[in-house]
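[1] model this:
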Amino acid sequence: MPEKEVILTLAGLKKLEEELEILKTQRRKQVAERIKQAIEFGDISENSEYEDAKTEQAFIEGRIMTLEKMLRNAKIIDDNEQRDQVVLGSTVMLKDIEMGENEEYTIVGSAEADPAVNKISNESPVGKAVLGHSKGNTIEVSVPAGIIRYEIIDIR
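    Numbering: from 1, shown residues only. Predicted coordinates for the structure are as follows:
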C-alpha cells in the first residue's frame with residue numbers, strides 16, 4: 001500500500017526540516033547524556049531519571065521516524081501563485097452569511113494545519129468545502145451544530 005502524500009508549503013517543509021535537524025543534532029545528544037548520567041547513579045532498576053530519559057529517547061526517535069517519513073512523501077505546493085479558484089496554499093476570506101462575520105483561513109495540508117493561526121487542513125470540513133470554488137461562490141459546510149453558509153469574499 002503506497003504511503004500517504006504529505007502536502008506542504010515551502011515554509012512548512014522548512015519548518016519540518018529544521019525540527020528534524022534539531023532532533024538529530026541536539027536532542028539526541030542531550031538525552032544520551034541524560035541516560036549516561038542516570039547510569040552513573042547506579043542501580044537503574046529503580047532509577048526514575050533513567051526511566052524518564054529512556055522515555056524521552058523513545059519519543060525523540062519516534063518523532064524523527066515520523067518526520068523522515070513525512071519528508072519522504074512530501075509534495076510541495078506553491079502558495080504564492082495568484083489563483084481564481086481556492087487550491088492548497090490559498091488564503092481565503094469567508095463571510096459567514098448568517099452571522100455577517102468575516103473569517104480568513106489559509107488552506108494547507110494536514111501536516112501544517114494550525115487552527116490557532118488560521119491554517120486549516122484541506123481535509124477539514126471548511127477546507128474540503130472551499131477547494132475548487134471561486135470568489136463570489138456560496139458554500140455550505142456541515143458541522144455538528146448544523147450547516148454554516150459562507151460566501152467566498154477573496155482568494156489570495
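
[2] any idea how far E104 lies from T25?
    According to CB to CB, to the nearest Å, E104 and T25 sit 36 Å apart. For the C-beta atoms, the positions are set from N, CA and C on the backbone; glycine is no exception.

[3] Who has more neighbours out of these two?
    E104 (12 against 9; other CB atoms under 10 Å).

[4] Provide a list of residues in contact with R28.
    I60 (CB atoms under 8 Å, 6 or more residues apart in numbering).

[5] Now do the buried residues in the top strand by length along the chain.
    Longest among the strand segments of the chain by residue count, using DSSP state E, is strand 146-155. Applying a neighbour-count criterion of 16 or more other CB atoms under 10 Å, one finds 148, 150, 152, 155 buried in strand 146-155.

[6] That one pairs with which strands?
    strand 91-96 (antiparallel), strand 138-143 (antiparallel) (DSSP bridges).

[7] The last one: which residues count as buried?
    Put plainly, it is strand 138-143. Those would be 139, 141, for strand 138-143 by 16+ other CB under 10 Å.

[8] Please work out which residues outside it touch it.
    Residues contacting strand 138-143 (CB under 8 Å, 6+ apart): 97, 125-126, 129-130, 133, 147-152.

[9] Just send the strands paired with strand 146-155 back as CSV, with distance to A116 too.
    Below are the strands paired with strand 146-155 laid out as CSV (distance: least, CB to CB, whole Å):
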stretch, distance to A116
strand 91-96, 16
strand 138-143, 19
